[in-house]
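S.K.: structure for the following, please:
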Amino acid sequence: MNETKHVHVIGIGGSAMAPLAGMLREHGFRVTGSDSGVYPPASTLLESLGISFFNSFDAAHLQPAPDLVVVGNIIARGNPELEEVLDRRISYRSMPEILEEVFLPGKHSIVVSGTHGKTTTTAMLAWIFHTAGKRPNFLVGGVAENFGKSYGLEGGPEFILEGDEYETAFWDRGPKFFHYHPDDLIVTSLEYDHADIYPDFETYELAFRRLVNLVPRRGRVILWGDAAESGPALQRAAEKAFCPVETYGFGAENDWVASDLAIEDGTMRFKVTHRGKPFGNFALTATGRHNVLNAMSAMVVAQWRGISADQIAAALATFRSVKRRMDVKGEIGGVLIVDDFAHHPTAVKATIDAARARWPGRRLWAILEPRSNSMRRKVFQEALPKALALSDRVILGGVFRAQQLGDENRLDPETVAAGVRALGKDARVFPSSEAIAEHLVAQAQAGDLLLIMSNGSFDGLCEKLLKKLGAVAQFADEAKSR
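M.R.: So this is what the prediction gives:
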């Protein structure tokens, strides 16, 4: 890699691939890329860095041949650029391999893994280290609002990484996080996910147990320790550690314990003790018990790396979360629109609970698009109604790319809606974002909260709602002035 000058990224529009391209550019390489379509924030980032990209795949994009090609994990055989790479024996790597070979050598690797909360926790850690003057290097699976981007190369001794358990590349079906060689490892939670990759929970859990087993003796493993909620899988993972393990949570049995949770003026306040001794008082604008847990795991690592409780508290008080995590899109006519990434029943429940706490008294609409590879499948069909019924009204969109799954595997939104109605809450299914927007504009009232949940764009639902509600409000204002 030292002699590499031109790197071409196939799949450059991906949420992690565009930041990687930026990192390579800042590292001194000439970078180009291609994708079937590159949209904000990826396109904005690439343009700001002067990285040229194609909105299509074509073998001609590899003329003349680059020194190295980075292949995204969604790129499969049959892609014309990938076929050209293989035919001409152009050197290629996966995204995790680039991190492993170029960015991680000589750095203290801090990896945040788990089913839930890893993006927010990674962003928290990066912000804590930054505000403490530790000059962190980091890569987050979303736009960290404090930084305005997903990565940073500040030159310090640590590299903070979101450890994704999804597969690495078409030739490497193992999880990405095996390439990150953690010195400190956080495992936030373990629940079955990525049903398209892992056939059952035992296989999913095994990947994390192997990850824990990679941490050197001088390292640390940090686990959520509230056994009644986290389940036995995390305890089984701890058994594979050859280094010290510390737990955090709300139960007194943990090494790190949070207590006295209270919401004041939209801020979550809590206290933390370490093995019975006071550690500090903390405040978060990111409300919800799940964000307290995220903050606790981050502070455990931070204090091990020499950051004081006061420095951690100052950072958390100014932490602005990650885009698409309880992201307020706007309020028109008293109707509040909030966008969130929730893509798993547990995440849906946590998001609804946090919204209730942050905006008490509002009628809450839970609007869900079954879009992730697991959510599109029947694996969560029984669990979803109970989570969604925590809201006041429920709207379900159609399954994203439903034609790719057979009836025996595909989630049925009508069945989920019926399950919600059986729990006493109104639930309806609509075939498109346009139909959902029309219904919500007709039914939503001042004081309502529209909580939009999808790990994708939901076909621009937030933007459509803002536009339609704005038009209604303008019409009403004009009618009053007549």
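S.K.: how many other residues sit next to the residue nearest to A383 when sequence neighbours are not counted?
M.R.: Leaving out its chain neighbours, the residue that sits closest to A383 by Cβ to Cβ, 6 or more residues apart in numbering is P345, at 4.1 Å. Using the backbone N, CA and C atoms, a C-beta is placed for each residue, glycine as well. Counted with other Cβ atoms under 10 Å, residues neighbouring P345 total 21.
S.K.: contacting residues for P345?
M.R.: Neighbouring residues of P345 by Cβ atoms under 8 Å, 6 or more residues apart in numbering: F380, A383, L384, K386, A387.
S.K.: just those now: which is nearest L396?
M.R.: For the contacts of P345, the closest approach to L396 (Cβ to Cβ) belongs to L384, at 8.8 Å.
S.K.: thinking again about what came up before, look at the residue nearest to A383 and report its pLDDT.
M.R.: Predicted confidence (pLDDT) for P345: 89.
S.K.: try V322
M.R.: pLDDT at V322 comes out at 75.
S.K.: which SS class is the residue lying closest to it once chain neighbours are set aside?
M.R.: The shortest distance from V322 to any non-neighbouring residue, by Cβ to Cβ, 6+ apart, is to G142 (4.2 Å). Per DSSP: H, G, I helix; E, B strand; the rest coil, the local secondary structure of G142 is strand.
S.K.: go on, the one 5 residues further on?
M.R.: Each residue gets one of three states, and F147 gets coil by three-state DSSP.
S.K.: which residues touch it?
M.R.: F147 touches A126, W127, H130, counting by Cβ under 8 Å, 6+ apart.
S.K.: dump those residues to a markdown table, plus pLDDT, neighbour count and secondary structure.
M.R.: Shown next, in a markdown table, are the contacts of F147 (pLDDT from 0 to 100; neighbours: other Cβ atoms under 10 Å; DSSP: H, G, I helix; E, B strand; the rest coil):
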| residue | pLDDT | neighbour count | secondary structure |
| --- | --- | --- | --- |
| A126 | 97 | 32 | helix |
| W127 | 98 | 24 | helix |
| H130 | 98 | 20 | helix |
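S.K.: out of these, who's nearest V102?
M.R.: Lowest distance from V102 to the contacts of F147 (Cβ to Cβ) belongs to A126, with 18.9 Å.
S.K.: circling back to that earlier point, narrow the contacts of P345 to those that are buried.
M.R.: Neighbour counting with 16 or more other Cβ atoms under 10 Å marks F380, A383, L384, A387 as buried within the contacts of P345.
S.K.: tell me, please, where in this structure the pLDDT is lower than the cut-off.
M.R.: Scanning the chain for pLDDT under 70 picks out 1-4, 324, 473-482.
S.K.: and it, what are its domain boundaries?
M.R.: Domain segmentation of the chain under automatic domain parsing yields 6-94, 104-317, 327-481.
S.K.: wait, E165 touches F178, no?
M.R.: No. Applying Cβ atoms under 8 Å as the test, E165 and F178 come out as separate, 9.4 Å apart.
S.K.: okay, those two: which has more neighbours?
M.R.: For the pair E165 and F178, the greater number of neighbours falls to E165 (22 against 18), based on other Cβ under 10 Å.
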